[in-house]
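Undergrad: Test case, fold it:
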Amino acid sequence: MRIDINCDVGEGLNNEHLLMPYITSCNIACGGHFGDKNTIDETIEIATKNNVLIGAHPSFPDKENFGRKLINISDHAFKESIQNQLNLFMNRLSFFDIKLHHIKSHGALYNAIAVDEKLAILFIHTIKKYTIDAYLYVPYNSVIERVAKENNIKIKYEAFADRNYNDDLTLVSRTYENALILDKMQVFQHVHRIIKEGKVKTVSGKEVKIKADTFCVHGDTKNAIEILKYVSRELKNHGIIVR
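TA: Just a heads-up that it's a prediction; the model follows:
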């Protein structure tokens with residue numbers, strides 16, 4: 001069995017060189033919540049050296065709140081911002097002669113398009129031309145999954161290794177203390193259950209069906225390196241290859 005582990009990177013923490021040896025794909029901030037030409041280039045170079053697949057990580061244009069707050073924005077401004085972010089990113093990939101592997105939305109945008117059909121449709125129509133040869137990372141049983149499929153966009157299901165879930169498969173809000181899973185052994189158990197049983201244990205104790213092709217460990221989780229080292233090792237010990 002093979003699975004992918006991804007990280008959100010290029011977000012100003014300068015820990016990419018520590019993360020990349022333990023992941024297989026990455027999501028690089030491209031100017032919405034963080035990032036510019038220099039940070040994108042630096043992160044692409046590190047990913048390439050580590051043979052890590054490269055994806056774009058667009059978000060609401062909201063650096064003040066690191067893209068983690070739902071903002072009021074017109075359809076035109078939203079579309080223009082996402083396109084500007086992806087155009088910048090594609091330009092930098094072209095400079096390095098690298099193909100885009102995937103797109104993964106960030107933060108509040110990721111959560112919003114999982115449940116908001118109008119925004120999901122707008123997002124898909126905005127990114128469609130960039131996904132001809134690329135995947136879109138989506139949560140299982142979400143609105144964005146359905147809209148992507150309706151538009152013939154290739155998807156990969158994503159689950160979060162270091163986040164707790166509600167019964168409806170939405171992520172527990174970061175405003176709550178139990179939003180994050182920081183204990184490395186609990187992270188592994190969380191991931192292993194999803195892989196082996198196709199279920200996630202929610203904060204209420206309920207086991208809910210879920211699918212995952214790729215697991216995210218947030219690069220800004222305070223002990224992300226420790227988690228990645230432990231989870232990678234334990235997955236291999238259990239016969240699961242991190243590819």
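
Undergrad: ok, Thr189 to Lys104 distance?
TA: In this structure residue 189 is Gln, not Thr. 24 Å (C-beta to C-beta, to the nearest Å). To be clear about C-beta, it is placed using only N, CA and C from the backbone, and glycine gets the same treatment.

Undergrad: The two: who's more crowded?
TA: Per other C-beta atoms under 10 Å, whichever of Gln189 and Lys104 has more neighbours is Lys104, with 24 against 15.

Undergrad: Not counting sequence-adjacent ones, nearest residue to the residue nearest in space to the middle of the chain?
TA: Most central in the chain under C-alpha atoms, centre = their mean is Lys104, positioned 5.0 Å from the mean C-alpha point. Leaving out its chain neighbours, the residue that sits closest to Lys104 by C-beta to C-beta, 6 or more residues apart in numbering is Tyr137, at 3.9 Å.

Undergrad: Assign that neighbour to helix, strand or coil.
TA: Of the three states, Tyr137 takes strand under DSSP: H, G, I helix; E, B strand; the rest coil.

Undergrad: count of residues packed around it?
TA: By other C-beta under 10 Å, 24 other residues sit near Tyr137.

Undergrad: who touches it in this structure?
TA: The contact partners of Tyr137, taken as C-beta atoms under 8 Å, 6 or more residues apart in numbering, are 6, 27, 55, 102-104, 155-158, 214.

Undergrad: again, but for Phe60
TA: Residues near Phe60 by C-beta under 8 Å, 6+ apart: 32-33, 67, 69-71, 73, 78, 81, 106-109.

Undergrad: shouldn't the residue nearest to the centre of the chain be in contact with His57?
TA: Yes - Lys104 is within contact range of His57, at 5.7 Å (criterion: C-beta atoms under 8 Å).

Undergrad: Overlap of the contact sets of these two?
TA: Residues touching both Lys104 and His57 comprise 8, 27, with contact defined as C-beta under 8 Å, 6+ apart.

Undergrad: so where do the strands sit in the protein?
TA: Ranges of strands within the chain are 2-9, 25-29, 53-57, 102-103, 135-139, 155-160, 199-201, 207-209, 214-216, 241-242, based on DSSP state E.

Undergrad: of those, which approaches Asn91 most closely?
TA: For the strands of the chain, the distance to Asn91 is smallest for strand 53-57, at 11.3 Å, taking C-beta to C-beta.

Undergrad: Direction included, what does that closest one pair against?
TA: strand 25-29 (parallel), strand 102-103 (parallel) (DSSP bridges).

Undergrad: Please name the residues that touch Ile181.
TA: Listed by C-beta under 8 Å, 6+ apart, the contact set of Ile181 reads 161-164, 187, 190.

Undergrad: separation between it and Val242?
TA: Distance, Ile181 to Val242, by C-beta to C-beta: 18 Å.

Undergrad: show me what contacts the residue nearest to Tyr230 when sequence neighbours are not counted?
TA: In space, and not counting its chain neighbours, Tyr230 is closest to Lys184: 4.1 Å by C-beta to C-beta, 6+ apart. Residues near Lys184 by C-beta under 8 Å, 6+ apart: 223, 226-227, 230-231.

Undergrad: Quick one: residues contacting Val191.
TA: Counting by C-beta under 8 Å, 6+ apart, Val191 touches 159, 161, 215, 231, 235.

Undergrad: For the first one, which non-adjacent residue is closest in space?
TA: Sequence neighbours aside, Ala212 is the residue nearest to Ala159 in space, at 3.7 Å (criterion: C-beta to C-beta, 6+ apart).
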